[in-house]
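In: A predicted structure for the sequence below; I have some questions about it.
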Amino acid sequence: MKKTLIMLMMLAPMTLFAQKFGHIDSQSFIQSLPEAIKVQSELEAQGKIYENELKGLQEELQRKAEDYEKTKSTMNPTKQAETEKSLQDMYTKIQQAAQDNQTAYNKMQQEKLGPIIEKVRTAIQNVAKTGGYVYIMEKEAGQPLYVNDAISKDVTAEVKAEYNKLK
């Protein structure tokens, strides 16, 4: 019984060393993919369109507010109230447009990047299964304090090769 216990205690560290660990900086990997670069350009272009729309609305509001301030003293109270309500409605419209633009941008980002991210995940899973890895950890997002390259292998090249097979 003692011999069996001693044998198990001696083998336990060996099984730990037999496990394979890998790591990848998936964010950098995704950003290096040509299709992700294309999507990022499309997103930036759409972001500029939204930004210009909002800028135009804000400039119009600013112009109307300045006109109101100049002519406020000559307006009757009813006209002042109407103009103030119009300015407030315009401000609310700008806020709603900003929210709508952000929602649309996020949806576009998810629709365009989602399939790329899913392919990367599939490639990582395939590499993990075929390579016999216990874990493949995210190198940058969790920002590990130390990665022992003797025990943990950077699997970026394998994931890239697997990703290219999935096309």
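Out: Nice, I can see it. If you're wondering where the values come from, they're calculated on a predicted model, not measured in any experiment.
In: for this protein, what spans make up the strands?
Out: 20-24, 133-138, 152-154 (DSSP state E).
In: most neighbours per residue, which of those?
Out: strand 20-24 (a mean of 20; mean count of other CB atoms under 10 Å). For the C-beta atoms, the positions are set from N, CA and C on the backbone; glycine is no exception.
In: Among the strands of the chain, which comes closest to Arg63?
Out: Closest approach to Arg63 among the strands of the chain is made by strand 133-138 (48.8 Å; CB to CB).
In: so where is the protein shaky, pLDDT-wise?
Out: Scanning the chain for pLDDT under 70 picks out 1-18, 141-151, 167.
In: So which residues of the chain form helices?
Out: 2-18, 26-32, 34-71, 77-131, 156-165 (DSSP state H).
In: need those helices in JSON lines with mean neighbour count and distance to Glu140, can you?
Out: Shown next, in JSON lines, are the helices of the chain (neighbours: other CB atoms under 10 Å; distance: least, CB to CB, whole Å):
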{"stretch": "helix 2-18", "mean neighbour count": "9", "distance to Glu140": "26"}
{"stretch": "helix 26-32", "mean neighbour count": "15", "distance to Glu140": "6"}
{"stretch": "helix 34-71", "mean neighbour count": "13", "distance to Glu140": "16"}
{"stretch": "helix 77-131", "mean neighbour count": "14", "distance to Glu140": "14"}
{"stretch": "helix 156-165", "mean neighbour count": "17", "distance to Glu140": "12"}
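In: show me what contacts the nearest residue to Glu35 once chain neighbours are set aside?
Out: In this structure, Glu35 finds its nearest non-sequential neighbour in Ile116, 5.8 Å apart by CB to CB, 6 or more residues apart in numbering. Contacts for Ile116 were tallied using CB atoms under 8 Å, 6 or more residues apart in numbering; they are 30, 33, 35-36, 39.
In: From these, pick the one nearest Met137.
Out: Ile30 (16.1 Å).
In: residues in contact with the nearest residue to Gln109 once chain neighbours are set aside?
Out: Leaving out its chain neighbours, the residue that sits closest to Gln109 by CB to CB, 6+ apart is Leu43, at 5.8 Å. Leu43 sits next to 105, 108-109, 112 when contact means CB under 8 Å, 6+ apart.
In: where's Leu43 relative to Glu53, distance?
Out: 16 Å (CB to CB, to the nearest Å).
In: Over to Gln31?
Out: Distance from Gln31 to Glu53, by CB to CB: 27 Å.
In: of the strands of the chain, which approaches Thr71 most closely?
Out: Per CB to CB, nearest to Thr71 of the strands of the chain: strand 133-138, 59.4 Å.
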